[in-house]
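J.: Sequence plus predicted model, see below.
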Amino acid sequence: MARKILITSGKGGVGKSSITAHLGYQLSKLGQRVCCMDMDVGLNNLDVIMGVENKVTYDLHDVLEGRCRVKQSLIDISPTLSLIASKHNLDVDFTGKNVRDLTDGLKTRFDFVLIDCPAGIDSGFRRAINACEEVLVVVTPTLTSLRDSDKVLGILANYKVKILGAVINRVRGDLVIRGGLMGCEDISSTLKIPVVGCIPDDDSIYLSTSLNLYNSRAQKAFKLLAKHLLNGKGKVYDATTYYRGFQGALRRFIRQNV
Ligand SMILES: Nc1ncnc2c1ncn2[C@@H]1O[C@H](COP(=O)(O)OP(=O)(O)O)[C@@H](O)[C@H]1O
Ligand SMILES: [Mg+2]
């Protein structure tokens with residue numbers, strides 16, 4: 001039976017879609033059957049990140065509004081990784097219950113359904129919560145992101161969902177060492193939830209045109225996050241390691257001065 005996990009955040013642009021796509025890919029590499037679902041109907045882009053924007057025939061709206069069957073809306077990226085894309089459509093004609101019925105229908109076909117959700121606390125966010133049972137909150141190590149995450153956590157407390165924890169994205173290990181940026185423990189104690197993943201600020205994500213991040217630091221971090229989700233425990237990537245020691249000091253210097 002699939003685990004239905006919502007990937008959400010308080011603030012936009014913190015990396016929800018990137019994390020949904022790359023986490024899905026890494027889970028599928030671990031042999032899990034994964035369906036990523038784009039529920040960000042305003043700013044849908046999961047099909048682009050997953051490199052299948054030319055393969056979208058039917059999307060979430062078509063399946064929920066009865067124009068196709070669920071199977072027809074699944075875009076196969078690999079034998080174990082599929083996507084249900086969305087389209088830009090603010091005139092949404094479906095409810096949280098409709099989405100729940102859809103994700104329930106995917107339960108036997110997949111091990112994980114990862115739902116990319118709109119940022120914030122509006123109706124799109126609330127619709128998406130209804131479709132899931134577990135939640136990952138994506139946070140960047142900034143005060144604005146932390147404050148907005150806190151608001152989202154307040155709202156999530158009213159729903160029957162399990163908060164798995166925070167994924168801290170775009171962590172600059174060099175700045176953590178210098179003391180200018182909050183580390184994972186600080187964020188965990190501020191939000192009062194565990195940190196289950198830490199993804200470094202890494203150009204390989206920013207520049208990527210495929211789901212393979214070619215052994216980059218980000219790829220290692222996503223692998224650890226996938227294992228953590230699968231086993232319920234495990235190591236969290238340490239973004240400072242790359243900037244420690246003699247070589248690390250050089251990297252710090254270059255990152256901050258060149
Ligand atoms: N860890 C990271 N390192 C570098 N760039 C990142 C990272 N995570 C996300 N990005 C970039 O940030 C931008 C916003 O990410 P996106 O996943 O679209 O955010 P959201 O879905 O929350 O709006 C994209 O250009 C993406 O490539
Ligand atoms: Mg997005």
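T.: Structure's in. What do you need? Ligands and ions are numbered 1, 2, ... in the order given.

J.: Can you give me the buried ones in stretch 136-151?
T.: Buried residues in stretch 136-151, defined by neighbour count with 16 or more other C-beta atoms under 10 Å: 136-141, 145-146, 148-149. Backbone N, C-alpha and C define where each C-beta goes, glycine included.

J.: Out of those residues, name the ones that lie in helices.
T.: 145-146, 148-149 (DSSP state H).

J.: Tell me the one of these nearest ligand 1?
T.: Nearest to ligand 1 among those, counting by C-beta to the nearest ligand atom, is Ser145 at 10.0 Å.

J.: Contact partners for the closest one?
T.: 9-11, 14, 139 (C-beta atoms under 8 Å, 6 or more residues apart in numbering).

J.: just to revisit the earlier point, and which of the buried residues of stretch 136-151 is nearest ligand 2?
T.: Val138 (9.7 Å; C-beta to the ion).

J.: you'd agree the closest one is up against Leu6?
T.: No. The pair Val138 / Leu6 is not scored as a contact, 10.5 Å apart, by C-beta atoms under 8 Å.

J.: what number of residues lie near Asn169?
T.: 25 (other C-beta atoms under 10 Å).

J.: Just to be sure, it is in a strand?
T.: Yes. Counting by DSSP: H, G, I helix; E, B strand; the rest coil, Asn169 is part of a strand.

J.: ok, so what distance separates it from Lys11?
T.: Distance, Asn169 to Lys11, using C-beta to C-beta, to the nearest Å: 11 Å.

J.: Mutual contacts of those two, please.
T.: Both Asn169 and Lys11 are in contact with Thr140, where contact means C-beta under 8 Å, 6+ apart.

J.: So which residues of the protein form helices?
T.: Under DSSP H, the chain gives helices at 16-29, 46-49, 60-64, 70-73, 96-105, 123-129, 143-156, 173-178, 184-191, 203-207, 217-231, 245-257.

J.: The least confident helix or strand in the chain by mean pLDDT near ligand 2 anywhere?
T.: Sorting the helices and strands of the chain by mean pLDDT, DSSP states H and E puts helix 123-129 at the bottom, at a mean of 86. No. Judged by C-beta under 5 Å from the ion, helix 123-129 makes no contact with ligand 2; its nearest approach is 11.4 Å.

J.: Pull the contacting residues for the closest residue to ligand 2 within the chain.
T.: Residue nearest to ligand 2 within the chain: Ser17 (3.3 Å; C-beta to the ion). Going by C-beta under 8 Å, 6+ apart, Ser17 touches 38, 40, 45-46, 49, 116.

J.: ok, it to Met39 distance?
T.: 11 Å.

J.: So for these two, which residues contact both of them?
T.: With C-beta under 8 Å, 6+ apart as the test, Ser17 and Met39 both reach Asp116.

J.: what's the burial count for Asn215?
T.: As a burial measure, Asn215 scores 10 neighbours (other C-beta under 10 Å).

J.: Which residues of the stretch 1-150 of the chain lie near ligand 2?
T.: For the stretch 1-150 of the chain, the residues found near ligand 2 under the criterion C-beta under 5 Å from the ion are 16-17, 40.

J.: Can you tell me which of those comes closest to Gly245?
T.: Lys16 (33.2 Å; C-beta to C-beta).

J.: in stretch 45-60, what counts as buried?
T.: For stretch 45-60, burial by neighbour count (16+ other C-beta under 10 Å) applies to 45-47, 49-52, 56, 58-60.

J.: isn't Val14 right up against Val137?
T.: No. Using C-beta under 8 Å, Val14 makes no contact with Val137, being 9.6 Å away.

J.: For stretch 42-58, give the mean pLDDT please.
T.: Here stretch 42-58 scores 93 as its mean pLDDT.
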